[in-house]
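Asks: Predicted model, plus sequence, below.
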Amino acid sequence: MHGNVTAMLDGEPGSAAAGVTGLSSGAPPILLPMAAYHGTLAAVRCLGAAGIRVTVAESGRFVPGVWSRFVTRRVRCPSPEEPNRFIDWLLDFGAREPGHVLYPTSDGVAWLYARHRDELANHFVLACPSLQATYLLLNKVRLQAAAEAVGLSMPRTWIPQNGSAFSEIEAEARFPVVIKPQTQILFEPHAKGMPVPRPQDLRRKYAEFASGTGYAACLLAHDPGVSRATVQEYLPEASENVYGISGFIDQTGELFAARASRKVLQQPRQLGVGLCFEEAELQPDLLSKIVAL
């Protein structure tokens, strides 16, 4: 579910659920935090239009997902950027009102749900992979190793630890490169990355990127090495032509669904968040490798 054209609101503030017809009374309600996130708004619209009762949990009032006409209920909660307060609130809410479905719409929330899966399962309905599997998929370094093991190629990537490592990148990499965080989990300030056009710019820009970013303490405790940013070869054509496959697979591996799209607009243009997508054909060979992964 892509949150394209998400700046538009789809209902008046007082019309919660006004556009929802035939609510599925037999289906459990779903709880969606992070209503300021465009992916959450996309989930609100999709699930609400399907007749699912949507409860939005958010600390801010003036964010798009809160005012969607597909929201049936609004509650206030701490931000997931404060992980301990957020999980405490979630467990308290679940104990008072058990039976909601939990669905993560961001990397950080997905990781928190996996980290606290056993506790949350006492009160919520959730289909949540293990913490190990979740972190493998959400950490670029670990994902690269797993992807290459099933035949999926990745751009060359380094994690420089010292001066000699920078010298290797400066000598061997095809520039431009991009400095990227290892993961977007509980990462501030949610920067996608920093392009580096020339070898002589690499060390300065790497230090600049490191000084302006950071992770939540609970993630650093889980993986102390995550604070080291990666350097990855950059493909300029990616800003105009990104092919993506989105899908779902259950824990048995037998229930699987997927669709493909092509990103046609992102902001910022060089390295940013996708805004517009068009439908594309699924590539069977690529799909089979993703299923293997």
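Replies: Yes, it's here.

Asks: all strands in the stretch 101-250 of the chain, in order from the N-terminus.
Replies: 101-102, 157-158, 177-180, 187-188, 194-196, 214-215, 230-233, 242-249 (DSSP state E, counting those that start in this stretch).

Asks: Reformat these as CSV; add distance to residue 35.
Replies: Where C-beta positions appear, they are placed from N, C-alpha and C, glycine not excepted. Below are those laid out as CSV (distance: least, CB to CB, whole Å):
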stretch, distance to residue 35
strand 101-102, 15
strand 157-158, 34
strand 177-180, 27
strand 187-188, 19
strand 194-196, 29
strand 214-215, 23
strand 230-233, 31
strand 242-249, 21
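
Asks: Go through those and pick out the most buried.
Replies: Compared across these, strand 177-180 shows the largest average neighbour count, a mean of 23 (mean count of other CB atoms under 10 Å).

Asks: returning to that earlier point: pipe the strands of the stretch 101-250 of the chain into a markdown table and attach mean pLDDT per row.
Replies: Formatted as a markdown table, the strands of the stretch 101-250 of the chain follow (pLDDT from 0 to 100):
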| stretch | mean pLDDT |
| --- | --- |
| strand 101-102 | 96 |
| strand 157-158 | 94 |
| strand 177-180 | 95 |
| strand 187-188 | 93 |
| strand 194-196 | 93 |
| strand 214-215 | 94 |
| strand 230-233 | 94 |
| strand 242-249 | 90 |
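
Asks: out of those, which comes closest to residue 88?
Replies: strand 101-102 (15.2 Å; CB to CB).

Asks: Now do the closest one: distance to the chain's middle.
Replies: 17 Å (CA atoms, centre = their mean, to the nearest Å).

Asks: try stretch 146-162
Replies: 20 Å.

Asks: Buried residues in that stretch, which are they?
Replies: Going by neighbour count (16 or more other CB atoms under 10 Å), the buried part of stretch 146-162 is 147, 157-158, 160.

Asks: Same check on stretch 208-216?
Replies: 209, 213, 215-216.

Asks: do stretch 253-265 as well
Replies: Applying 16+ other CB under 10 Å to stretch 253-265 flags 260-263 as buried.

Asks: for stretch 77-97, same thing?
Replies: Across stretch 77-97, burial judged by 16+ other CB under 10 Å covers 77-80, 83, 86-87, 89-91, 93-94.

Asks: What is the nearest of the buried residues of stretch 253-265 to residue 37?
Replies: residue 263 (18.0 Å).

Asks: what sits up against stretch 152-172?
Replies: For stretch 152-172, contacts defined as CB atoms under 8 Å, 6 or more residues apart in numbering pick out 140-141, 144, 147-148, 173-174, 177, 182, 199-200, 202-203, 206, 228-235, 286, 289-290, 293.

Asks: re the thing from before, by pLDDT, give me the weakest of the buried residues of stretch 208-216.
Replies: Lowest pLDDT of the buried residues of stretch 208-216: residue 213, 90.

Asks: give the contact list for residue 140.
Replies: With CB under 8 Å, 6+ apart, residue 140 has these contacts: 157, 180-183, 230, 232.

Asks: for this protein, which spans come out with low pLDDT?
Replies: 1-25, 238-239, 270-272 (pLDDT under 70).

Asks: hey, which helix is longest across it?
Replies: With DSSP state H setting the assignment, residue counts place helix 83-96 as the longest helix in the chain.
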